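Chemist: here are the coordinates; sequence isn't available:
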């Protein structure tokens, strides 16, 4: 049996990943499952947990377990609080929530983070904070802008290890509901990827006017045969990602190094949108959630 | 039998209204039905038309019939072209599309209008052009800004009788799909109207930042007990209408008299949003579709 210092778990809405990690942060073993929290019936998280990693825990008695993601939300297993900004890996390590399962296993859940200014809007994240910690552990930039695309995209301004500010854009969810339920989805047909229509959408997003108006162009361009019906999805994606990138750069500027964390195809779209703005953004290495879980566990003195 | 010079029909996606109109434009009789084009099965428009106004046509032989709305679209009975901007009541009158029904009745369908610049985005309207003609017939302003809220809101800049430019905002449809299918809808509970949360949404819409970001505040404000779950719908309405009003005023300015055409509660929301911008907008008189149909028919020399 290899040296295993930690079981690290990234348990999200629609997926589950766990790793056995050595004391120097290397992956010893990995398991991936579609058992996200939505797939767990009747809140049977104890049962799901045992079936997913019970064998590992039996084989490595006493190994510490850390978990983050939507599993630690109101709709998950244990609801952890939101640590207020500014925060960093140390504060997240101090805020871990210890939970004992029905079978007596101990799990440390990572908290989310939040901003809630008296003037201005509150915002929350849960799960992304762990990926950001992972990324910040790989860089020594004094300032960084970190973008995590998704259903609810996050933009985070970090100073050294500290999360200074962040905000959310509902880009992925607006894309999904407009394609799934609006007149734009009824126009769309399937086809191969159309990168040119994605870029066209981004370029329109950078022009004056509201996205509420530009969205309608996904229909009117089709009516005038200036967009094919199998291009509607990529054009809409470009409009929305372009709007997010435009707004994020207007807020944060482009002086800091920009890193995009996420799955490959979506990251590529963001990097393309940044480049159409004349801004360079870089993809993060894979494995940021695992790396972040390891860093938080290490700072909390949990490593076996 | 009163003097009836015209049967005017406003046949939209989800409703049907028809009027017997006298030679001076007064209503002699009216019929309202939920038989919008979506309710007509298997494109049986001839049958629907006879059941809705066949009795009138039998009682007033030879009376001219004019119709506008989505009935004249690709998903309706007869698809009429889009007359290009700039246009006016005279051009719309010249562009009427004559159609003979299975039973030999003659109907004149109003065309939609469109812009399709080589540089820039195309846009279309169908049905609203008739309401605008109706409003312009009631005013002698040299310049006007006319707002028609709805699923796809229209903003029209008119110079005298001429439609100079217009654009569409998908405000109503984004509201409906976000409430019906996104995480925001899952937060929402029913309750009495909450005009304060509508105003709060409008005020947030007027601040810096993208609507893609502000939408998420409908969730985060609830998480921090700064918005009740029964306020989510009105707050979201305020965010989206506020965004449309902000963008429309940024494009058109507020120097011209602003008129809002539509149903009462929605018009009230827009007028509130304008007033929160320090801008005065006025509701149009009711009956603009009927009035517009009458004006187009009169200019076309159709009146009996």
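Modeler: On my side now, so go ahead. Just so you know, these numbers come straight off a predicted model, no measurement behind them. Numbering: from 1, shown residues only, chains lettered A, B, ... in the order given.

Chemist: how close does residue A:26 get to chain B?
Modeler: 37 Å (CB to the nearest CB, to the nearest Å). In this view, the C-beta of every residue, glycine as well, is placed from N, C-alpha and C.

Chemist: wait, is residue A:25 part of a helix?
Modeler: No. Counting by DSSP: H, G, I helix; E, B strand; the rest coil, residue A:25 is located in no helix; its state is coil.

Chemist: and it, what is it in contact with?
Modeler: Shown in contact with residue A:25 (CB atoms under 8 Å, 6 or more residues apart in numbering or on different chains): A:291, A:294.

Chemist: Please tell me how far it sits from residue A:5.
Modeler: 9 Å (CB to CB, to the nearest Å).

Chemist: go on, residue A:157?
Modeler: 32 Å.

Chemist: Which one of these two is surrounded by more residues?
Modeler: residue A:5 (22 against 18; other CB atoms under 10 Å in any protein chain shown).

Chemist: residue contacts, the more buried one?
Modeler: Applying CB under 8 Å, 6+ apart, the residues contacting residue A:5 are A:21, A:22, A:23, A:63, A:64, A:303, A:304.

Chemist: which one of those has the most neighbours?
Modeler: residue A:21 (27 neighbours).

Chemist: Leaving out sequence neighbours, find the closest residue to that residue.
Modeler: residue A:6 (4.5 Å; CB to CB, 6 or more residues apart in numbering or on different chains).

Chemist: Need the pLDDT of that neighbour.
Modeler: The score at residue A:6 is 98. That number is its pLDDT.

Chemist: Name the residues of the stretch 51-200 of chain A found near chain B, please.
Modeler: A:114, A:116, A:121-124, A:152, A:167-171, A:173-174, A:177-178, A:180-183 (CB under 8 Å from any CB of the partner chain).

Chemist: Now which of these would you call buried?
Modeler: Listed as buried from these are A:114, A:116, A:121-124, A:152, A:167-171, A:173-174, A:177-178, A:181-183; burial here means 16 or more other CB atoms under 10 Å in any protein chain shown.

Chemist: okay, how far is it across stretch A:187-207, tip to tip?
Modeler: 24 Å (CA to CA, to the nearest Å).

Chemist: Could you do stretch A:250-259 as well?
Modeler: 17 Å.

Chemist: Report the distance from that stretch to the chain centre.
Modeler: 18 Å (CA atoms, centre = their mean, to the nearest Å).

Chemist: So for that stretch, what gets flagged as buried?
Modeler: Neighbour-count burial for stretch A:250-259 [16+ other CB under 10 Å]: A:251, A:252, A:256, A:258, A:259.

Chemist: Wait, the third one touches residue A:139, no?
Modeler: Going back to what we said before, that points to residue A:256. No. With contact defined as CB atoms under 8 Å, residue A:256 does not count as touching residue A:139 (11.1 Å).

Chemist: per-residue confidence at residue A:169?
Modeler: 98.

Chemist: Check residue A:180 too.
Modeler: pLDDT, read off for residue A:180, is 95.

Chemist: now the helices for the stretch 151-300 of chain A?
Modeler: A:171-181, A:183-187, A:195-205, A:211-214, A:217-223, A:232-252, A:264-276, A:288-299 (DSSP state H, counting those that start in this stretch).

Chemist: Would you reformat these as a markdown table and include distance to residue A:13?
Modeler: What follows is these, written out as a markdown table (distance: least, CB to CB, whole Å):
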| stretch | distance to residue A:13 |
| --- | --- |
| helix A:171-181 | 12 |
| helix A:183-187 | 22 |
| helix A:195-205 | 26 |
| helix A:211-214 | 25 |
| helix A:217-223 | 27 |
| helix A:232-252 | 20 |
| helix A:264-276 | 16 |
| helix A:288-299 | 14 |
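
Chemist: do you know which of the ones you listed lies nearest residue B:280?
Modeler: Residue B:280 lies closest, by CB to CB, to one member of those: helix A:211-214, at 22.8 Å.

Chemist: The closest one - contacts with which helices or strands?
Modeler: Where contact means 3 or more CB pairs under 8 Å, 6 or more residues apart in numbering or on different chains; DSSP states H and E, helix A:211-214 is packed against helix A:195-205, helix A:232-252, strand B:162-169, helix B:211-214, helix B:232-252.

Chemist: Briefly note if the third one comes near chain A.
Modeler: Yes. Where contact is defined by CB under 8 Å from any CB, part of strand B:162-169 touches chain A, namely B:167, B:168, B:169.

Chemist: That strand packs against which elements?
Modeler: Using 3+ CB pairs under 8 Å, 6+ apart: strand B:162-169 touches helix A:211-214, strand B:112-115, strand B:123-125, strand B:153-159, helix B:232-252.

Chemist: Distance to residue A:267 and mean pLDDT added to the ones you listed, as JSON lines?
Modeler: JSON lines is the format used below for those (distance: least, CB to CB, whole Å; pLDDT from 0 to 100):
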{"stretch": "helix A:211-214", "distance to residue A:267": "22", "mean pLDDT": "98"}
{"stretch": "strand B:112-115", "distance to residue A:267": "37", "mean pLDDT": "96"}
{"stretch": "strand B:123-125", "distance to residue A:267": "33", "mean pLDDT": "96"}
{"stretch": "strand B:153-159", "distance to residue A:267": "35", "mean pLDDT": "97"}
{"stretch": "helix B:232-252", "distance to residue A:267": "28", "mean pLDDT": "98"}
